[in-house]
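Chemist: Need coordinates for the below:
(one chain, ligands or ions: 1)
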Amino acid sequence: MKSKKEAVSIRLHQCAKSFANGTRALQPLDLEIHPGETLVLLGPSGCGKTTTLRMIAGLEFPDEGGRVLFGEDDVTALPIEKRGVGMVFQNYALFPNMSVGENIAYGMKIRKIPAGERAERVEKLLEMVHLQGLSHRRVDQLSGGQKQRVALARALAMEPRVLLLDEPLTALDAKLREAVRSDLNKLLRSLGITAIYVTHDQGEAMALGDRIVVMERGKISQIGTPREIYYHPANDFVADFIGAMNRVQGIVSGDRLLLPNGSLPLPDAGNPMNATQQGQPVWAMFRPEDVQVVDITEADAQCLRGKLINTFFLGDRTRFEIEIGAERPVIAETSRRGWWEAGQQIALRVPAEALVKMVPAAEKENA
Ligand SMILES: Nc1ncnc2c1ncn2[C@@H]1O[C@H](COP(=O)(O)OP(=O)(O)OP(=O)(O)O)[C@@H](O)[C@H]1O
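Modeler: The predicted model follows:
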């Protein structure tokens, strides 16, 4: 298998894609994937993730002027079999009447790798994906999770320079998806192979990506590490696609944001978020898990007050929706065990450091 040193970088330069029926799937796109990293392409259905992946694979070609580079090699015009890529698909795409071992060895057989070496590599790959002893099993006698492991082993069998994964876990149930995801994470890290992973699931993107590319309507909205994307979303689309975001409008006064039913603390006055916005209406954004719900009898001057309009018990956490006299209710999520019924008066605390962003109201309205 490839070691981290040999991993290849990938560059897309001005890669646009229009289909014959006139659909503009991708605007001209520049993207650099570092050697050995797992890059996740994330976004809603139809945003162009799969098209981007297929262009890297050599299953689709960019419009005139676009270039695809693997390291220093210009592979723009090369078909998939000349690019040295391994692919894993959502629907496994295995040969149903072949055994596990035959599926994994298929590519090696075509390339006339001697039988002894083939068998040895199949054993190693089976071990890598935790399917030892299943070489002779027919693939239609496997579970979904096992099939996806076979597909992964088959993709790695030819020692590709690049591993491409298109929604590989989508067909699995939630528990299994988490287990395979965790194994896949370890495997990708130990292989150090350059990998590109397409998903519309933000949890998967966070768990697997060294970096995430958030796409919207054929364009890149933001590229960053999972933490960068979550805590510093570039725009509203990214903020809402990755988790949920509260937005409240208030007036900056000293180190507080004044709202109809109370106020929120702001970061230090010197903080660029509020230094220039004294007396101005601004939108403040914060995540539901950073909102602390406080019983009304324990509320102090630092709290915001409101009425609980909905409570959802989700097992590992509870979600509260609180009407605070603003345009939209505030969402709070907590793993603590406090419980209040809808209709009750309640108080909230949002620590200053939880503010993700403040945007002048005027700017937002013009956007
Ligand atoms: N062969 C094709 N011919 C015409 N239009 C296409 C073709 N393939 C994709 N498209 C269109 O291009 C756009 C991007 O599709 P793409 O499959 O890349 O999106 P995606 O983000 O992967 O979506 P999904 O998660 O639903 O697979 C969509 O509007 C889609 O309908």
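Chemist: Count the neighbours of Gln146 for me.
Modeler: 20 (other CB atoms under 10 Å). Heads up, the C-betas are built off the backbone N, CA and C, glycines and all.
Chemist: Quick check, pLDDT for it.
Modeler: At Gln146, the predicted lDDT confidence score is 89.
Chemist: Next, the contact list for it, please.
Modeler: For Gln146, the contact set (CB atoms under 8 Å, 6 or more residues apart in numbering) comprises Leu131, Leu134.
Chemist: And Ser18, by the same measure?
Modeler: With CB under 8 Å, 6+ apart, Ser18 has these contacts: Arg24, Ala25, Asp63.
Chemist: if I've got this straight, Arg11 is in a strand?
Modeler: Yes. Arg11: assigned to a strand according to DSSP: H, G, I helix; E, B strand; the rest coil.
Chemist: Please name the nearest non-neighbouring residue to it.
Modeler: Closest residue to Arg11 apart from its sequence neighbours, by CB to CB, 6 or more residues apart in numbering: Leu69 at 4.3 Å.
Chemist: try Asp173
Modeler: Per CB to CB, 6+ apart, closest to Asp173 is Gly144, 7.7 Å.
Chemist: residues touching that neighbour, list them.
Modeler: Gly144 neighbours (CB under 8 Å, 6+ apart): Ala171, Leu172, Asp173, Leu176.
Chemist: Next, the third one: phi, psi?
Modeler: If I follow you right, that is Asp173. Taking degrees, to the nearest 10, you get phi -70, psi 170 for the backbone angles of Asp173.
Chemist: Next, count neighbours for it.
Modeler: With other CB under 10 Å as criterion, Asp173 counts 11.
Chemist: before we move on, what about the second one?
Modeler: Neighbourhood size, Leu172 [other CB under 10 Å]: 19.
Chemist: Touching, it and Gly145? I think so.
Modeler: Yes. Leu172 lies in contact with Gly145 (CB atoms under 8 Å); the separation is 5.7 Å.
Chemist: shared neighbours, the two?
Modeler: Between them, Leu172 and Gly145 share these contacting residues under CB under 8 Å, 6+ apart: Val180.
Chemist: rewinding a little: the contacts of Ser18 also near the ligand: which ones?
Modeler: Ala25 (CB under 6 Å from any ligand atom).
Chemist: For the residue nearest to Arg11, which residues are in contact?
Modeler: Counted by CB under 8 Å, 6+ apart, Leu69 has contacts Ser9, Ile10, Arg11, His13, Val75, Thr76.
Chemist: first vs last residue of stretch 205-213, how far apart are they?
Modeler: Start to finish, the residues bounding stretch 205-213 are 9 Å apart (CA to CA, to the nearest Å).
Chemist: go on, stretch 153-167?
Modeler: 16 Å.
Chemist: can you pull the contacts of Val238?
Modeler: Applying CB under 8 Å, 6+ apart, we find Val238 in contact with Val214, Ser221, Gln222, Ile229.
Chemist: Of the residues you listed, which belong to helices?
Modeler: Judged by DSSP state H, the contacts of Val238 include Ile229 as members of helices.
Chemist: Narrow the contacts of Val238 to those in strands?
Modeler: Mapping these onto strands (DSSP state E) picks out Val214, Ser221, Gln222.
Chemist: Could you single out the nearest of the residues you listed to the ligand?
Modeler: Val214 (11.4 Å; CB to the nearest ligand atom).
Chemist: what ranges of the protein fall below the confidence cut-off?
Modeler: Low-confidence segments of the chain (pLDDT under 70): 1-5, 269-276, 364-367.
Chemist: What segments of it are helices?
Modeler: With DSSP H as the criterion, the chain has helices at 49-57, 100-110, 115-128, 144-157, 174-191, 202-208, 226-231, 236-241, 361-366.
Chemist: can you put those in JSON lines and add distance to the ligand?
Modeler: Formatted as JSON lines, the helices of the chain follow (distance: least, CB to the nearest ligand atom, whole Å):
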{"stretch": "helix 49-57", "distance to the ligand": "3"}
{"stretch": "helix 100-110", "distance to the ligand": "25"}
{"stretch": "helix 115-128", "distance to the ligand": "28"}
{"stretch": "helix 144-157", "distance to the ligand": "18"}
{"stretch": "helix 174-191", "distance to the ligand": "16"}
{"stretch": "helix 202-208", "distance to the ligand": "13"}
{"stretch": "helix 226-231", "distance to the ligand": "17"}
{"stretch": "helix 236-241", "distance to the ligand": "12"}
{"stretch": "helix 361-366", "distance to the ligand": "27"}
